[in-house]
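Novice: Structure for this input, please:
(10 chains)
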There are 10 protein chains.
Amino acid sequence: MLFQVRMDVDIPRDLDPALREDVVARERAYSQELQRGGEWAHIWRIVGHYSNISIFDVASNARLHEILSALPLFPYMRIEVTALTEHPSAI
Amino acid sequence: MLFQVRMDVDIPRDLDPALREDVVARERAYSQELQRGGEWAHIWRIVGHYSNISIFDVASNARLHEILSALPLFPYMRIEVTALTEHPSAI
Amino acid sequence: MLFQVRMDVDIPRDLDPALREDVVARERAYSQELQRGGEWAHIWRIVGHYSNISIFDVASNARLHEILSALPLFPYMRIEVTALTEHPSAI
Amino acid sequence: MLFQVRMDVDIPRDLDPALREDVVARERAYSQELQRGGEWAHIWRIVGHYSNISIFDVASNARLHEILSALPLFPYMRIEVTALTEHPSAI
Amino acid sequence: MLFQVRMDVDIPRDLDPALREDVVARERAYSQELQRGGEWAHIWRIVGHYSNISIFDVASNARLHEILSALPLFPYMRIEVTALTEHPSAI
Amino acid sequence: MLFQVRMDVDIPRDLDPALREDVVARERAYSQELQRGGEWAHIWRIVGHYSNISIFDVASNARLHEILSALPLFPYMRIEVTALTEHPSAI
Amino acid sequence: MLFQVRMDVDIPRDLDPALREDVVARERAYSQELQRGGEWAHIWRIVGHYSNISIFDVASNARLHEILSALPLFPYMRIEVTALTEHPSAI
Amino acid sequence: MLFQVRMDVDIPRDLDPALREDVVARERAYSQELQRGGEWAHIWRIVGHYSNISIFDVASNARLHEILSALPLFPYMRIEVTALTEHPSAI
Amino acid sequence: MLFQVRMDVDIPRDLDPALREDVVARERAYSQELQRGGEWAHIWRIVGHYSNISIFDVASNARLHEILSALPLFPYMRIEVTALTEHPSAI
Amino acid sequence: MLFQVRMDVDIPRDLDPALREDVVARERAYSQELQRGGEWAHIWRIVGHYSNISIFDVASNARLHEILSALPLFPYMRIEVTALTEHPSAI
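Specialist: Numbers count the residues shown, from 1 in each chain, chains lettered A, B, ... in the order given. Model (predicted):
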């Protein structure tokens, strides 16, 4: 099942720099692992923002929540979820 | 260059049914032609809406406007355009 | 899979009264059929509005879209979909 | 009487971790007690958010306010209340 | 139980004048009957608007919906409902 | 002259507890004094919020501003003022 | 007592031209009469809009509503009212 | 040239009290100097807010920005600027 | 003096086609005349919209209003005006 | 390719003054270098705001993101990007 997810990141300015670096590195590794597994189908940067628009392809709502709430940056993000389905004009 | 485009369709209730059918058929053909050409990279239906979220991959802003303003449903749509670029964590 | 769906109905004032009555009757029958089948798990009226808040329990996003877009009142509704999942504190 | 209540939790990052843990544990216990008593009829997690959508079934507005303002997480939540009633198409 | 209700009236310009007059007259009579019965506790005009802010004192959500949906102007109004309760500082 | 005033209270979490208690106590005393004097005609709690909806009956705009800006909680409130007048259907 | 009032005019395109002309002429005469009387203290055009920002100096809320609801363009306007008072830094 | 300017003041709670007093005193002096010079044509308090609505009469956009950005409270304000011009119905 | 102006065009679907063509042609001629005169300094199309973002360089607010309110498409546009001035970092 | 970019600056009050000065100086130098290179085609100050409206002329979305995310003030700005293209009426 497909979902569009927009993530707007806002890391607090006073976060310990080492912690910040660690969180960002773990976010990257976690994202790439999910991309390789096929559940994180697409990820694009929004121009001019510390944000991404992603497409997830998951087995259930529960699985999507499990993935999103485990994001290392989850505490520092605003997330919007939009349920998608196949478009009748898609080839 | 990548853009996310959201299209919300609102065809007036009093549009001539034959015209409506014709517009919708031409929209579909036009979309599929652009999909086959690679410029309309993805199209998904938004659950519960007469709307789609699409990804375009075009040579320029001018080309994107040319494509969108030529949509048969253009007069009956609200369109939002978001400029995208490659995400550093994309694999 | 669970979804909250809010539906705000706005039937045009100039709709033919017989058509209106027919659409409303078919909406009711269709809703009750889906309630009996278990997919339309709950439906509540919002006080002071021609609106409802409903909970759907469906197999997929595709099935939810199929249900919603087939609602007799679909052309006269604004719909909002929110993906839900089990709450860890639910008993 | 039925109410839909949406709760968006935002615990300050600098809250003492022990206090945080205590508040979350008490929230859970309090919620489950009210669920067992029947007043907190449903609770669902919103996918991608530290939020829930709940249905309360209470004797009065006063009782609902008493319940909500006694939530251990009350100081760290944004709450929206929507009055509901039985839907004429409900079976 | 107390509710604040705001009603913004927007009667279509092309409504038959006799029907308009009749609807407005019935609205007035209905409102005054409920005021005399004590359920429509207060009604004030908002300065510069064809709108009112009212306080209802009713036995239940269901009763409030019954009252509001039976307003002769109901089809031509936007309504907002806010659940109230006694304030601890009220004398 | 009548005004509806909505007050949403947001006391900073790090306010000295003794100061907080003092401010809240003075707010209560001040509100009750104005209620007894007739200028603060009504005050209701909004269910699920640290907020109230009040009706003021004052001699002038200047007097209303004098009252509101002297509220002990004024620095910690968001206030909305709506000018009201007698409704022609009020009995 | 002082109020700022913003009026955004939107005359329906299909209004009879003679009626439109008559309404606009009566609006102008009515406005100038109130300006001469001192109650309509200021009126300015908003650049690029068929709108004005005005200052009224009236005896009461009731008088302001009487003036505004009698505007010939009242049925074709959106009005916003903001209560003002003397500023302590005004000279 | 005329402009409406709305200023909403929000001085941080932890600003040094002496600095706060100094800033407020300088703001007042600066405002009165500009009022005497005729460029700050009007200033009114918004009832219930630490805000003002003002009318400026200045030679240019550049002069207006010079005035506003030099306000002692500028760092603690949200400002909205609306370009005005003479109204054809003004007497 | 510089202003940014955004214009969103929405020509009613039922406008007489000949009138529509005439209005659009006159709009184009009028715009180009002002561009040649230097007052309409820039005009760009917004991708995916029947809208433009323009920069005007005019002698006064009054002149800008005179220009905008004389646009042949003025009755079918939503206009937003933002006052600009030279930026200190501009070269 | 053309883009309109609006930047609203909000430097935290507690930023070290030397750091603040350094960031602002580097922002200015960086902007002027891009202006000289032709990619930052225009920059204007918005009257009454610590904000600018700019026009960028860049080879791609990727290049625009590279420029914007390297702004020394990037962490302290809200940015909005609007894709533009040539207007058919431009001379």
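
Novice: list the helices and strands the longest helix along chain A packs on?
Specialist: If you go by DSSP state H, chain A has its longest helix at helix A:17-37. Here helix A:17-37 touches strand A:40-46, going by 3 or more C-beta pairs under 8 Å, 6 or more residues apart in numbering or on different chains; DSSP states H and E. The way it works is simple: take the backbone N, C-alpha and C, and place the C-beta from them, glycine included.

Novice: Show me what the strand it packs on pairs with in its sheet, parallel or antiparallel.
Specialist: strand A:51-57 (antiparallel), strand B:77-86 (antiparallel) (DSSP bridges).

Novice: outside of whichever helix or strand comes after the first one, which residues touch it?
Specialist: Toward the C-terminal end, the helix or strand that comes next after strand A:51-57 (DSSP states H and E) is helix A:61-69. Judged by C-beta atoms under 8 Å, 6 or more residues apart in numbering or on different chains, the contacts made with helix A:61-69 from elsewhere in the structure are A:3, A:5, A:34, A:39-40, A:56, A:58, A:74, A:79, A:81, C:1-3, C:83-86, D:45, D:47-48, D:50.

Novice: Mind listing what's buried along helix A:61-69?
Specialist: When neighbours are counted by 16 or more other C-beta atoms under 10 Å in any protein chain shown, the buried residues of helix A:61-69 are found to be A:61-65, A:67-69.

Novice: What of stretch A:42-60?
Specialist: A:42-56, A:58, A:60.

Novice: list the contacts for residue A:86?
Specialist: Going by C-beta under 8 Å, 6+ apart, residue A:86 touches A:2, B:44-45, C:62.

Novice: Would you check which pair of those lies furthest apart?
Specialist: The span of the contacts of residue A:86, defined through C-beta to C-beta, is set by B:44 and C:62 at 11.1 Å.

Novice: Now do the shared contacts for those two.
Specialist: With C-beta under 8 Å, 6+ apart as the test, residue B:44 and residue C:62 both reach A:85-86.

Novice: Now flag whichever of the contacts of residue A:86 is closest to chain E.
Specialist: The shortest approach to chain E among the contacts of residue A:86 belongs to residue B:45, at 30.1 Å (C-beta to the nearest C-beta).

Novice: Not counting sequence-adjacent ones, nearest residue to the closest one?
Specialist: Nearest residue to residue B:45, sequence neighbours excluded (C-beta to C-beta, 6 or more residues apart in numbering or on different chains): residue A:87, at 4.5 Å.

Novice: Next: residue A:50.
Specialist: Spatial nearest neighbour of residue A:50, excluding adjacent residues (C-beta to C-beta, 6+ apart): residue A:9 at 4.6 Å.

Novice: close enough to count as contact, the one you found and residue A:79?
Specialist: No: with contact defined as C-beta atoms under 8 Å, residue A:9 does not count as touching residue A:79 (10.1 Å).

Novice: Between the two, which has more neighbouring residues?
Specialist: residue A:79 (18 against 15; other C-beta atoms under 10 Å in any protein chain shown).

Novice: quick one: the more buried one and residue D:50 touch, right?
Specialist: No: with contact defined as C-beta under 8 Å, residue A:79 does not count as touching residue D:50 (9.8 Å).

Novice: remind me which residues of chain A are low pLDDT?
Specialist: For chain A, no stretch has pLDDT under 70.

Novice: which ones are touching the residue in chain A positioned nearest to chain I?
Specialist: Closest to chain I within chain A is residue A:47: 12.7 Å, counting by C-beta to the nearest C-beta. Taking C-beta under 8 Å, 6+ apart as the criterion, residue A:47 is in contact with B:82-85, J:61, J:64-65, J:68, J:81.

Novice: Ok, residue A:41 next?
Specialist: Contact analysis of residue A:41 by C-beta under 8 Å, 6+ apart lists A:2, A:35, A:54-57.

Novice: Same check on residue A:11?
Specialist: Each residue near residue A:11 by C-beta under 8 Å, 6+ apart is listed here: A:20, A:23, A:73, A:76.

Novice: cutoff 7 Å now
Specialist: Counting by C-beta atoms under 7 Å, 6 or more residues apart in numbering or on different chains, residue A:11 touches A:20, A:76.

Novice: Checking it next. Helix, strand or coil?
Specialist: Secondary structure of residue A:11, reduced to three states by DSSP: H, G, I helix; E, B strand; the rest coil: coil.

Novice: That one and chain F: what is the separation?
Specialist: Residue A:11 is 21 Å from chain F, where distance means C-beta to the nearest C-beta, to the nearest Å.

Novice: Specify the local secondary structure of the residue of chain A found nearest chain G.
Specialist: Among the residues of chain A, residue A:48 lies closest to chain G, at 27.3 Å counting by C-beta to the nearest C-beta. Secondary structure assignment for residue A:48 (three-state DSSP): coil.

Novice: That one contacts residue J:81, doesn't it?
Specialist: Yes: Residue A:48 is in contact with residue J:81 according to C-beta atoms under 7 Å; the separation is 4.4 Å.

Novice: ok, back up a step: okay if I get the strands paired with strand A:40-46 as TSV plus distance to residue D:14?
Specialist: Converted to TSV, the strands paired with strand A:40-46 look like this (distance: least, C-beta to C-beta, whole Å):
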stretch	distance to residue D:14
strand A:51-57	25
strand B:77-86	34
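
Novice: And these: which comes nearest residue D:30?
Specialist: Of all the strands paired with strand A:40-46, strand A:51-57 sits nearest to residue D:30, with 33.3 Å by C-beta to C-beta.

Novice: pull the CA atoms of that closest one into CSV?
Specialist: As requested, the backbone C-alpha atoms of strand A:51-57 are provided in CSV (Å, rounded to 0.1, in the frame of the first residue of the first chain):
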residue,chain,number,x,y,z
SER,A,51,12.3,18.7,4.1
ASN,A,52,11.6,15.7,2.0
ILE,A,53,8.7,14.2,0.1
SER,A,54,8.7,10.4,0.2
ILE,A,55,6.6,7.5,-1.1
PHE,A,56,6.3,4.5,1.2
ASP,A,57,5.1,1.1,0.0
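
Novice: ok, residue A:2 - contacts?
Specialist: Going by C-beta under 7 Å, 6+ apart, the list of residues near residue A:2 reads A:55, A:57, A:84-85, B:44, C:61.

Novice: partner residues bridging it?
Specialist: Under DSSP bridges, the beta-bridge partners of residue A:2 are residue A:57, residue A:84.

Novice: So residue A:62 versus residue D:29, what's the distance?
Specialist: 24 Å (C-beta to C-beta, to the nearest Å).

Novice: OK, now which residue of chain A is nearest to chain F?
Specialist: residue A:14 (15.0 Å).

Novice: I'd assumed that residue was in a helix, is it?
Specialist: No: counting by three-state DSSP, residue A:14 is not part of a helix but coil.

Novice: number of nearby residues for it?
Specialist: 11.

Novice: residues in contact with it?
Specialist: If you count contacts by C-beta under 7 Å, 6+ apart, residue A:14 has none.

Novice: Give me the phi and psi for it.
Specialist: phi -100, psi 10 (degrees, to the nearest 10).

Novice: that older thread, list just the nearest of the contacts of residue A:47 to chain C.
Specialist: residue B:82 (20.7 Å).

Novice: Leaving out chain neighbours, which residue sits closest to the closest one?
Specialist: Closest to residue B:82 by C-beta to C-beta, 6+ apart is residue B:4, at 4.4 Å.

Novice: what's the spacing between that neighbour and chain C?
Specialist: Counting by C-beta to the nearest C-beta, the gap from residue B:4 to chain C is 19 Å.

Novice: Quick check, that residue in contact with residue B:80.
Specialist: No: look at residue B:4 against residue B:80 with C-beta under 7 Å: they stay out of range, at 8.2 Å.

Novice: If you count surrounding residues, which of the two has more?
Specialist: Under the neighbour definition other C-beta under 10 Å, residue B:4 and residue B:80 were set side by side, and residue B:4 has more, 19 against 12.
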